[in-house]
Structure formats: structure tokens, C-alpha cells
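Trainee: model this:
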Amino acid sequence: METPVPHRFYSIHTHEMVRVAATTPRGTVGDPAANAEAAIALVEKAAASHVDLIVFPELSLSSYAIDDLHMQAAQHKATEAAIARLAAATASLAPVMLVGAAIPRNGRLYNCAVAIARGRILGAVPKTFLPNYREFYEKRWFASGAGITGLEIDLAGQRVPFGTDLIFAASDLPHFVFHAEICEDFWSPTPPSTNGALAGAYICCNLSASPILIGKARDRAMLASAQSSRAICAYVFSASGPGESTTDLAWDGQSLIHENGDLLKESQRFRCEADTIIADIDVARLRIERMRNGTFNDAARLAGDPEYDFRRIIFEHHPDFADVGLRRDLRRFPFVPNTPERLDADCYEAFNIQVEGLMKRMEASRAERLVIGVSGGLDSTHALIVAVKAVDRMKISRDRVLGYTMPGFATSDGTKANAWALMRALGVAGAEVDIRPAAQQMLADLDHPYSRGEPIYDVTFENVQAGLRTDYLFRLANQHCGMVVGTGDLSELALGWCTYGVGDHMSHYGVNAGVPKTLIQYLIRWTIATDFWDIATCAVLEAILATEISPELVPADANGLIQSTQDRIGPYELHDFFLHYTIRQGLPPSKIAFLALHAWGDIEAGRWPQGFPEAARHAYDLSMIRKWLEEFLFRFFTTSQFKRSALPNGPKVSGGGALSPRGDWRAPSDGVATAWLEELRANLP
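Mentor: All right, here's what the predicted structure looks like:
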């Protein structure tokens with residue numbers, strides 16, 4: 001019985017990903033034959049891990065620190081034989097490799113990166129910048145590749161392209177395009193990989209020797225991160241390690257894989273044995289980011305459009321579109337870092353962005369007070385503590401913050417008690433406006449069935465309450481020379497989960513509009529952990545964090561169950577995941593579903609943010625992801641843009657995106673979700 005072929009949805013190649021490896025072999029000084037055998041073993045292991053591209057260190061076939069032995073004819077012949085051996089031995093293996101070798105040509109010796117794919121030598125790229133200072137003397141042995149373009153060379157029995165004008169591209173995997181530079185090249189003010197990226201390479205590779213000194217590992221990481229960010233590319237860096245000559249220098253074998261500034265993988269340094277790191281590069285992310293970033297195109301134009309100057313060397317990669325898993329750390333909560341140090345730093349910035357924005361708006365509007373509806377839920381709680389910190393910094397008394405509880409037909413005793421406890425603990429001015437009499441009158445004026453005693457809890461019933469609350473807040477602001485602070489968050493705006501116009505959609509300043517629901521929870525936790533508040537305030541905040549998310553507009557059912565937002569529209573943790581990859585990266589829905597499955601499919605996989613309660617940890621299978629992604633797409637693209645087109649002002653907080661029509665997101669209010677829904681349905685199993 002034949003084994004069924006997995007659906008292409010499960011393959012990284014379907015989603016424009018490339019699996020790359022940076023490897024540090026255990027070298028043998030000056031012995032190309034031994035180094036070729038070591039390389040073959042590493043390529044075989046990489047093939048077993050379904051690697052598409054493997055990057056070796058600089059001069060990996062001969063060793064780097066052999067000094068004048070680089071000029072020996074026997075060394076040159078042994079190196080060429082090693083290249084031939086490496087090509088022949090890996091002809092049946094999928095990984096494309098970049099190996100370092102010293103290659104003679106036309107009476108000169110060049111320090112080269114040699115690209116080999118399935119036995120074919122694709123080309124040799126000579127090093128441009130040769131260090132000749134401090135411990136480096138490369139100009140003693142090597143010629144620079146600067147200006148070497150359009151040439152060929154006979155190498156290991158093959159006629160191959162030679163020059164600094166090469167980028168390599170798979171004919172059957174359009175997103176697999178890479179460029180090579182060598183060590184000093186990326187320490188220069190003008191790294192060759194910049195033009196390689198501008199010419200169309202998505203993966204830039206650095207074959208490095210790079211002896212280790214105190215602090216140098218930080219410098220390498222900084223440069224690799226910066227280059228990947230500046231050139232909107234992946235940057236794969238491999239440095240020499242064990243087995244390299246330590247006559248006068250030492251080597252740590254640092255390997256790094258970055259993508260658009262983000263570190264995907266790094267090696268353990270100072271290992272005694274060979275080491276390989278592997279990560280999946282999301283080329284679609286890079287491709288879309290380049291399209292979004294007009295400066296990238298401007299830079300290409302100012303550089304004379306390098307794509308016309310480069311030779312694109314085509315090779316066949318023969319992808320089988322198998323399910324090979326995903327070798328890439330994915331955050332379940334894209335807006336929430338999952339390392340303690342990053343979480344603290346991001347929360348500090350997010351909270352202070354909100355405070356700064358509110359301070360300026362209060363000053364500019366000459367408002368004497370801040371007016372907030374306090375429900376005892378997450379969003380209004382966060383808006384209130386931001387307002388408190390804003391007046392504290394402005395050296396204004398906290399009683400200039402006016403907090404109002406506004407009980408409706410379904411307000412619970414618990415949330416109301418939490419709202420009052422929080423206002424008292426913070427020392428703001430608190431009051432209550434019971435909207436039920438006015439709501440009852442309005443429903444009667446509308447001849448709504450509820451006014452006649454019928455349990456009809458439709459959208460009119462809900463929005464009468466939401467609208468009255470906002471109407472009262474605006475009139476209270478008029479009365480007290482104040483401004484209404486909005487409480488709605490980014491996640492609600494994405495889903496249209498707010499009452500348009502005279503409702504929670506509107507305020508004088510939407511302080512939470514750039515903050516997703518999943519981050520708001522952590523911002524509140526962060527203020528608790530950083531000793532912003534006294535013990536009483538912290539206790540109330542903890543109680544609010546433990547409360548079910550609910551608009552509290554519909555009375556509890558016969559079993560006492562309250563209205564649950566997430567039961568109706570789906571889990572915010574999934575919606576925030578979908579939101580990030582939709583507005584920040586513009587990925588197709590099937591790709592978002594693929595990422596969501598790997599991020600959320602296994603409750604035990606990956607890291608959870610610090611302090612995330614075990615009882616609140618969930619896993620979602622593909623059917624559930626599909627269900628809520630369809631809900632998200634319909635809401636986001638069809639039903640809710642008209643609300644976002646009329647948003648009040650509010651600060652952008654996260655690089656993950658915002659939805660202001662004056663900022664990150666411009667879209668027609670009468671658009672439809674058809675293209676996104678059809679793409680999802682066509683490409684999921």
C-alpha cells in the first residue's frame with residue numbers, strides 16, 4: 001500500500017521559506033583533502049535535516065591561518081582536488097553549499113566563496129576587501145576581487161562563472177536567491193551584500209574566518225543584524241572554529257542566522273567539535289517588506305540598479321514539497337516577547353508611549369480633566385492607569401481623573417466592585433451614572449420588545465447601552481472641561497468589536513488604539529511587577545486580570561453564564577496572531593494558517609511568555625485555526641473598515657502595526673474579503 005503524499009500546505013517551500021545552515025567544521029590545518037571529507041560529512045547531515053543551503057567558513061578547505069602556505073603550488077592543487085571531491089561526493093544531495101577556497105587565476109590568488117549544487121560548481125566569488133592591518137596580512141597573499149566581473153574560470157574540471165557580480169537563483173524555487181561575501185566584506189562601509197540584496201538576493205551569506213578577541217562576538221552579531229535589517233534580507237554568517245591554527249590567534253566558531261534584523265539562530269561558541277545551526281528563512285516576509293519599503297527601491301535606483309550588473313546563476317534545486325516541519329522559533333503572541341528581558345523593555349516603551357501621547361493631547365486641548373468610563377475590564381483598567389501616570393508626570397492631582405462606573409442591564413457585581421476598588425486605590429475621582437433608566441426609556445421610545453418585558457437581546461439592545469455610556473461621557477467632559485479617554489484596543493478595532501459613532505468606538509483620544517488585547521494583559525502585569533502601585537492597587541489589578549472578557553451587555557443565561565466575547569468572535573490570542581501577520585507582513589491567509597499551526601498546534605512546544613498561567617495555555621488544531629481565521633478575515637476586510645476609517649487620534653505603539661487611517665492602514669470602507677477567503681480555502685488541506 002502506497003504512503004499518501006502529504007498536502008503541499010505542510011511544506012515550508014510552499015510558503016516561500018528556505019532552510020539554511022551555518023556550519024563550523026573541525027578543520028585540519030593546511031589539509032584540503034581532510035577538510036573536504038569533514039565538509040562532506042556535514043553536508044550529508046544537512047541533507048538529512050532537509051537543508052537547502054549550507055554555509056562554511058572562509059578558506060574552509062585549506063584553513064585560514066596558514067600564512068605563506070597559501071602561496072604554495074601544492075596547496076593550490078590540493079584545494080582544487082578537494083573542490084572536485086566535494087562536488088562529486090555531494091552530487092546526489094540537495095543542499096547547495098558555499099565553501100571557502102583560495103583559487104589561482106591569471107597569475108593572482110583569490111580568496112573565494114565557491115557555490116556547489118548537486119555536483120555542479122555554480123561559481124566562485126572573490127573577496128573584495130582584504131584586511132591588511134593589525135593581525136591581518138591578506139594582501140601579502142591575495143588579490144582583491146574589486147572590479148572582477150563577467151569572467152569565467154576552469155575549476156575542478158568545470159567551466160564556471162568567476163567574479164563579484166554573481167547571485168545564485170533556483171529555477172524551480174523562485175524565492176531561493178542568495179549572494180556570497182567574505183569576512184572583511186561586511187566590516188567595510190560598503191558591504192558587497194548591499195548590492196547583492198539590491199540586485200535581488202534574499203539570502204546574503206558571509207564565509208568568515210574572524211579570529212576571536214574580547215567583545216568581537218558582539219560586534220559580529222551587531223553587524224549581521226544591522227546588515228540584514230538595512231538590506232531587508234537574511235544574513236547567514238559562519239566563522240572558523242576548532243582545528244584552525246592557534247599559532248598567534250584563537251577561534252570561537254560563531255555562527256549566526258538573522259532575518260530582517262531578527263536573530264533566528266546562533267551557535268554555541270568555543271565548541272571542540274563541528275557545529276551546525278539551522279533555521280528556516282521566511283523569504284515571503286522579506287519580499288513583501290521590500291515592496292512595502294520604498295526606500296529599498298530608491299537605494300537600488302541610486303546605486304545604478306545593480307540587478308543589471310549582476311549575473312544571475314540559475315540552478316535546479318528539485319524541491320519535493322515534503323512536510324519537513326519548521327525550524328524557526330515562532331511567538332504565539334507576536335506582540336508579546338517571550339524572553340523576560342525583551343518583555344520588560346517592550347512593556348516599558350509601550351506604556352510610556354501611551355503616557356506621553358496622552359500628556360501631549362491633554363496639554364494641547366487645554367483639558368482640565370480626563371474622563372474615563374471604568375468597567376472593571378482590561379481595557380478601561382489599562383486606560384485608567386495610563387491616565388494616572390500621565391497626570392502624575394504632569395504634577396496634576398489624581399482627582400483630576402474622573403472615573404465613572406456606568407452599570408447597565410448586565411453589569412455584574414464583580415466587575416463593578418473591581419472598578420470601584422481600583423478607582424479608590426488609585427485615588428482618582430469616582431462617580432456612578434446608572435444608564436439603565438435612560439436605556440429603558442430609549443428602548444421604550446423605540447418600541448423595542450425588551451421594553452415590553454420580552455427577553456430580546458439583539459444588537460439594538462446592546463448598542464443602546466454602549467451608545468448611552470459614550471454619550472454621557474462626552475457630556476460629562478463638557479461639564480467638567482475635560483476630554484474623554486478612549487479605552488478600545490487594537491484587537492477590537494481589527495474585528496470591529498466596538499459600537500460605531502456614539503459608542504465605545506469614539507473618544508477624544510484613543511490611548512489604547514495601538515495596543516492589542518494580548519499585550520494589554522502584559523502591560524498591566526508589568527506595572528504590577530515594577531512596583532508602580534501599592535499593595536491594594538496590585539490586588540485589584542490581579543483580580544481584573546482573572547476576570548472573563550465580556551462586554552456585559554446581555555444578562556446571564558439560565559445557567560448563570562455571562563456573555564463571553566471570545567465564545568462569540570473567537571480567541572483574542574489567535575486573532576492577535578492573525579492580525580500581526582496580516583497588517584505587518586501582508587502574508588496570504590494560508591501562510592498565516594501554516595504559521596499558526598506551528599505556533600499553536602502543540603501546547604508543549606516553544607516558549608510561553610514569562611508568567612503566563614498554565615491553566616490559560618491552549619492549543620489549536622488546523623480546523624479550529626481555519627474557523628477563526630475565516631472569522632477574522634471576514635470581519636477585518638468586509639465588515640469593520642468603516643469604523644477604522646473614522647478613528648479618533650491615538651498613538652502608534654507597536655512596530656507590529658496600527659490601524660489608524662492616518663498612519664499604518666489605509667483601506668476602502670466598502671471592501672470585501674473574497675480574495676483572502678478564497679486563497680485560504682484553495683490552499684488548505
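Trainee: Can you mark which positions in stretch 501-519 are buried?
Mentor: By neighbour count, and taking 16 or more other C-beta atoms under 10 Å as the criterion, the buried residues in stretch 501-519 are 502-519. For the C-beta atoms, the positions are set from N, CA and C on the backbone; glycine is no exception.
Trainee: got it, and stretch 357-370?
Mentor: Along stretch 357-370, these residues count as buried under the neighbour rule (16+ other C-beta under 10 Å): 357-359, 361-362, 367, 369-370.
Trainee: got those as JSON lines, with distance to P449, pLDDT and secondary structure columns?
Mentor: Supplementary listing: these in JSON lines, determined by distance: C-beta to C-beta, whole Å; pLDDT from 0 to 100; DSSP: H, G, I helix; E, B strand; the rest coil:
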{"residue": "G357", "distance to P449": "43", "pLDDT": "97", "secondary structure": "helix"}
{"residue": "L358", "distance to P449": "41", "pLDDT": "97", "secondary structure": "helix"}
{"residue": "M359", "distance to P449": "47", "pLDDT": "97", "secondary structure": "helix"}
{"residue": "R361", "distance to P449": "42", "pLDDT": "97", "secondary structure": "helix"}
{"residue": "M362", "distance to P449": "43", "pLDDT": "96", "secondary structure": "helix"}
{"residue": "A367", "distance to P449": "41", "pLDDT": "96", "secondary structure": "coil"}
{"residue": "R369", "distance to P449": "39", "pLDDT": "97", "secondary structure": "strand"}
{"residue": "L370", "distance to P449": "38", "pLDDT": "98", "secondary structure": "strand"}
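Trainee: Of those, which pair is most distant in space?
Mentor: Looking at the buried residues of stretch 357-370 by C-beta to C-beta, the two members farthest from one another are G357 and R369, with 17.4 Å of separation.
Trainee: quick one: contacts for P161?
Mentor: 122-124, 151-152, 311, 313 (C-beta atoms under 8 Å, 6 or more residues apart in numbering).
Trainee: quick check, it in a strand?
Mentor: Yes. Counting by DSSP: H, G, I helix; E, B strand; the rest coil, P161 falls inside a strand.
Trainee: What's the per-residue pLDDT of it here?
Mentor: P161 carries a pLDDT score of 98 in this model.
Trainee: same deal with Q563?
Mentor: On pLDDT, Q563 comes in at 53.
Trainee: try the one 5 residues further on
Mentor: On the pLDDT scale, R568 is placed at 80.
Trainee: That one: what secondary structure?
Mentor: Secondary structure state of R568, per three-state DSSP, is helix.
Trainee: mind checking how far it is from V554?
Mentor: Separation of R568 from V554 (C-beta to C-beta, to the nearest Å) stands at 10 Å.
Trainee: Kindly report the same for G377.
Mentor: Counting by C-beta to C-beta, the gap from G377 to V554 is 15 Å.
Trainee: isn't there a strand covering V51?
Mentor: No. With the criterion set as three-state DSSP, the secondary structure at V51 is coil rather than a strand.
Trainee: what's the burial count for it?
Mentor: V51 has 27 neighbouring residues, counting by other C-beta atoms under 10 Å.
Trainee: what separates it from M97, distance-wise?
Mentor: For V51, the distance to M97 equals 9 Å [C-beta to C-beta].
Trainee: what's the answer for V55, then?
Mentor: In this view, V55 and M97 are 8 Å apart by C-beta to C-beta.
Trainee: quick one, which of the two is more surrounded?
Mentor: For V55 versus M97, the count of surrounding residues by other C-beta under 10 Å is larger for V55: 29 against 26.
Trainee: Is it correct that A599 is in contact with L574?
Mentor: No. Under the criterion of C-beta atoms under 8 Å, A599 lies out of contact with L574, with a separation of 9.6 Å.
Trainee: got any ranges where the chain has weak pLDDT?
Mentor: Within the chain, the segments meeting pLDDT under 70 span 1-4, 549-553, 556-565.
Trainee: Please report phi then psi for the residue minimising distance to the centre of the chain.
Mentor: Within the chain, one residue has its C-alpha closest to the average C-alpha position: by C-alpha atoms, centre = their mean, that is P334, at 6.6 Å. Listed backbone geometry of P334 is phi -60, psi -30, with angles given as degrees, to the nearest 10.
Trainee: And for the closest residue to it other than its chain neighbours, the neighbour number?
Mentor: Of all residues beyond its chain neighbours, the one nearest P334 is H580 (3.8 Å), with distances taken as C-beta to C-beta, 6 or more residues apart in numbering. H580 sits with 23 neighbouring residues when counted by other C-beta under 10 Å.
Trainee: I am assuming H580 contacts G655, so please confirm or correct that.
Mentor: No. H580 lies out of contact with G655 (C-beta under 8 Å); the separation is 10.1 Å.
Trainee: How about the secondary structure of H179?
Mentor: Per three-state DSSP, the local secondary structure of H179 is strand.
Trainee: For burial, what's the neighbour tally of it?
Mentor: The local packing count at H179 equals 29, with neighbours defined by other C-beta under 10 Å.
Trainee: contacting residues for it?
Mentor: If you count contacts by C-beta under 8 Å, 6+ apart, then H179 has 166-168, 192-193, 196-197, 199, 201, 203-205 around it.
Trainee: Look up how far G123 lies from it.
Mentor: Using C-beta to C-beta, H179 is found at 11 Å from G123.
Trainee: Quickly list what's touching both of the two.
Mentor: For the pair H179 and G123, residues contacting each of them under the criterion C-beta under 8 Å, 6+ apart are 166, 168.
Trainee: now the strands for the stretch 451-600 of the chain?
Mentor: Shown for the stretch 451-600 of the chain, the strands assigned by DSSP state E, counting those that start in this stretch span residues 482-486, 509-510.
Trainee: Could you identify the pair within the contacts of P161 that is furthest apart?
Mentor: L122 and L151 (14.5 Å).
Trainee: Can you pick out the residue with more neighbours from the two?
Mentor: Between L122 and L151, L122 has the larger neighbour count (other C-beta under 10 Å), namely 22 against 14.
Trainee: For stretch 581-595, output the C-alpha coordinates as PDB.
Mentor: Listed in PDB are the C-alpha atoms of stretch 581-595, where the atom choice follows Å, rounded to 0.1, in the frame of the first residue of the first chain:
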ATOM      1  CA  TYR A 581       0.800  38.700  10.100                       C
ATOM      2  CA  THR A 582      -1.900  40.400   8.100                       C
ATOM      3  CA  ILE A 583      -1.200  44.100   8.800                       C
ATOM      4  CA  ARG A 584       2.500  44.000   9.500                       C
ATOM      5  CA  GLN A 585       3.700  41.400   7.000                       C
ATOM      6  CA  GLY A 586       0.800  41.100   4.500                       C
ATOM      7  CA  LEU A 587       1.100  37.300   4.300                       C
ATOM      8  CA  PRO A 588      -1.500  35.200   2.500                       C
ATOM      9  CA  PRO A 589      -4.100  33.600   4.800                       C
ATOM     10  CA  SER A 590      -2.800  30.000   4.000                       C
ATOM     11  CA  LYS A 591       0.700  31.000   5.100                       C
ATOM     12  CA  ILE A 592      -0.800  32.600   8.300                       C
ATOM     13  CA  ALA A 593      -2.600  29.300   9.000                       C
ATOM     14  CA  PHE A 594       0.600  27.400   8.500                       C
ATOM     15  CA  LEU A 595       2.500  29.600  10.900                       C
END
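Trainee: Most distant residue from the centre of this protein?
Mentor: In the chain, counting by C-alpha atoms, centre = their mean, R452 sits farthest out from the average C-alpha position, at 52.9 Å.
Trainee: List the residues that contact that one.
Mentor: Applying C-beta under 8 Å, 6+ apart, one finds that R452 lies in contact with no residue.
Trainee: so how far is L446 from it?
Mentor: Counting by C-beta to C-beta, the separation of R452 from L446 is 11 Å.
Trainee: do the same with A115
Mentor: Using C-beta to C-beta, one obtains 73 Å as the distance from A115 to L446.
Trainee: higher neighbour count, these two?
Mentor: The neighbour comparison of A115 against L446 (other C-beta under 10 Å) goes to A115, with 27 against 13.
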